[in-house]
Structure formats: C-alpha cells, structure tokens
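Peer 1: sharing a model that was predicted from the sequence below.
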Amino acid sequence: MTIIDTRTRLAPYSTTRRQARTRHYVMCAPTHFAVEYAINPWMDPTVPVDAERATMQWDLLRHAFLGLGHRVDVISPVAGQPDMVFAANGGLTVGGRSYGARFRHSQREDEAEAFADFLRAQGLDVTEPTHVNEGEGDFLALRSMILAGTGFRTSLEAHIEAAGAVDRPVVSLELVDPRFYHLDTAIAVLDDGGGDSPADIAYFPGAFSAHSRRTLRELFPDAVKVSELDALVLGLNAVSDGLNVVLPVAAIEFAETLRSRGYVTVPVELGELLKSGGSVKCCTMELHA
Ligand code: ARG
C-alpha cells in the first residue's frame, strides 16, 4: 500500500522557473460543518459527514499554508452556518478594497455579514453588494484582471459592480455544467502574473459555454486544460502562490502536468469537505495585495 503524506511537497521536473510570493489567507474552521441541505449536485444530506475528520483535514490544509510561509487568519465560525468553512465565498479583496458577498441561497445568507465585519476589522474598505455574488468562489483575481463566473451563483450584474468595487477590469465567463457551479471549481490560477512571469491558469473546458471557451483560448492560449477526471475530484479547486500549488490529492494527472510546468505540488486530502462540493480553494479566501 502506498501511503501519501499530505505534507509532501513534490518537486518539479521542469526547468521553467516559478516564483512564490507570500500570501495572506483567511480560513474558517469547520466547527459547524454539515451537509444539511443540497444547493449543488455534490451535496447529499443522507450521506454522513465525519466532523472530526473534516476538522483534521482542514487543519492539515491550514498547516500546509503555514508551512509554505503564508499568513493565515482565521474567522470565527457562526453557529447554524454549516457552509461557512468555504471562506472563499465570503468576498473579494484586491489591493485593500473588498467587495462583499451576497449569497444566492437563503441557507448561506447570514454568512455575508460575518465576512464583511471580519474584512472591515482588517481595515479594508468593503463595498456592500446590491447584486448576488459569492466572492472568490466566482471571482478569480489576476494582477491585470478579474476572471468572473456566472451561470449558477454569481449574477452578471455583480461582475460590473465588482469591477467598480475593486477597480480592476473584469472578464465574464459563463458556466454551464452544474457540477462546476463556481468558477473556482473550473479554473485554477497557477500564476497571477504579479511577478516576472505571465499569468498562467488551468481549466476544464467542458464547464464553459462555447463563447467562454473561446474567450479563454484567446486570453490564455498556453493554459493547462485538465481532463474531466481531474475536474471531477475538484482538482482545479487549488491554491497557488506562484510556485507551490496546494491541490486535492486525487488530481493525479493534473499534479503531474503541474510539475512538468515547473510547479511544486502539495497534495492534501479534503474528502469530507468534498461531500459539500468544496475543496482547497473553497476553504481559502485570499486577501490579494
Ligand atoms: N456547499 C457549498 C455551496 O454550495 C460549497 C461552496 C464551495 N465554495 C467554492 N468556493 N466553490 O455553496
């Protein structure tokens, strides 16, 4: 039997030089995590969740970030909000400006204020949203633009509102497969283009409408296209610092591709969170510099 140590960093075998930048993340412990309702196709309230295991897996993820030298702040979980562990959905922050979340489903509604209060307490200027949007679940920040998803959760109007709130150009992308209901399940930002190298992303083409696939091809002709197999273990729900990519351990082929492109892969097991349709990126809100 092969035992995969989740803290193992697997070295790249490409000569492409990648560079890490220290990041500032926000996470929320899965203290109240449960699958009590179904608002995406991954969720089945009849499948039991092991709360202790969820907490252990989440803590290993937190330690993976800390081990890579990143800052991780933790927001207090709110009782009665079983999905709050998915901190990415709590807002979008770029360059000291935040755009608050407004959840699609009533079950998550009350998380918005908790996240907005937290961001304000960090000294950030938070724009209250008038349109439905689920934060970094659907907004992926590159240095030069924000990639924004719509189709299931975040409204198209929110894309324009976000552009104003964080003062960045926004590119709208249409999601068409309900299994990939947030943009961060269909695209992984590998390099945000904030250093010496150009922006680099990976995506699953099948998650997008034909015109959005074309947009992605035009903007990122060299992007990694992942297989449905890797996408279905939420392999794209990964977090990169420009060099180290923390990703679900089951995304074997994707990890191999990443190493061939010069990235270091850091596989983690988040099987309990996957029962709610989330993985690494969903659990991580980045406050982008
Ligand atoms: N159960 C949660 C929901 O459906 C999962 C959210 C995952 N978050 C994300 N950023 N993709 O809202």
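Peer 2: Now that the structure is in, tell me what you want to look at. Computed from a predicted structure; not experimentally measured.
Peer 1: any idea how many residues pack against Thr46?
Peer 2: Look at Thr46: counted by other Cβ atoms under 10 Å, it has 6 neighbours. Bear in mind the C-beta positions are built from the backbone N, C-alpha and C, glycine included.
Peer 1: and it, what element?
Peer 2: Here Thr46 is covered by no helix or strand, with elements defined by DSSP states H and E.
Peer 1: which residues are in contact with it?
Peer 2: Applying Cβ atoms under 8 Å, 6 or more residues apart in numbering to Thr46 gives no contacts.
Peer 1: quick one: contacts for the one residue in the stretch 1-150 of the chain that gets nearest to the ligand?
Peer 2: Of all residues in the stretch 1-150 of the chain, Gly137 sits closest to the ligand, at 3.1 Å by Cβ to the nearest ligand atom. When the contact criterion is Cβ under 8 Å, 6+ apart, the partners of Gly137 are Phe86, Ala88, Asn89, Gly149, Arg153, Thr154, His182, Leu183, Asp184, Cys282.
Peer 1: got CSV for these, with pLDDT, distance to the ligand and secondary structure too?
Peer 2: Compiled in CSV, the contacts of Gly137 are given as follows (pLDDT from 0 to 100; distance: Cβ to the nearest ligand atom, whole Å; DSSP: H, G, I helix; E, B strand; the rest coil):
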residue, pLDDT, distance to the ligand, secondary structure
Phe86, 98, 4, coil
Ala88, 98, 4, helix
Asn89, 98, 5, helix
Gly149, 98, 10, strand
Arg153, 98, 7, coil
Thr154, 98, 11, coil
His182, 98, 4, coil
Leu183, 98, 8, helix
Asp184, 98, 5, helix
Cys282, 98, 3, coil
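Peer 1: which among those residues gets closest to Asp230?
Peer 2: Asp230 lies nearest to Asp184 out of the contacts of Gly137, by Cβ to Cβ, at 14.6 Å.
Peer 1: redo the contacts of Gly137 as JSON lines? Include neighbour count.
Peer 2: JSON lines is the format used below for those (neighbours: other Cβ atoms under 10 Å):
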{"residue": "Phe86", "neighbour count": "30"}
{"residue": "Ala88", "neighbour count": "30"}
{"residue": "Asn89", "neighbour count": "29"}
{"residue": "Gly149", "neighbour count": "29"}
{"residue": "Arg153", "neighbour count": "25"}
{"residue": "Thr154", "neighbour count": "30"}
{"residue": "His182", "neighbour count": "29"}
{"residue": "Leu183", "neighbour count": "28"}
{"residue": "Asp184", "neighbour count": "31"}
{"residue": "Cys282", "neighbour count": "26"}
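Peer 1: which one is the residue of the stretch 1-150 of the chain closest to the ligand nearest to, not counting chain neighbours?
Peer 2: With sequence-adjacent residues excluded and distances taken as Cβ to Cβ, 6 or more residues apart in numbering, Gly137 is closest to His182, at 3.8 Å.
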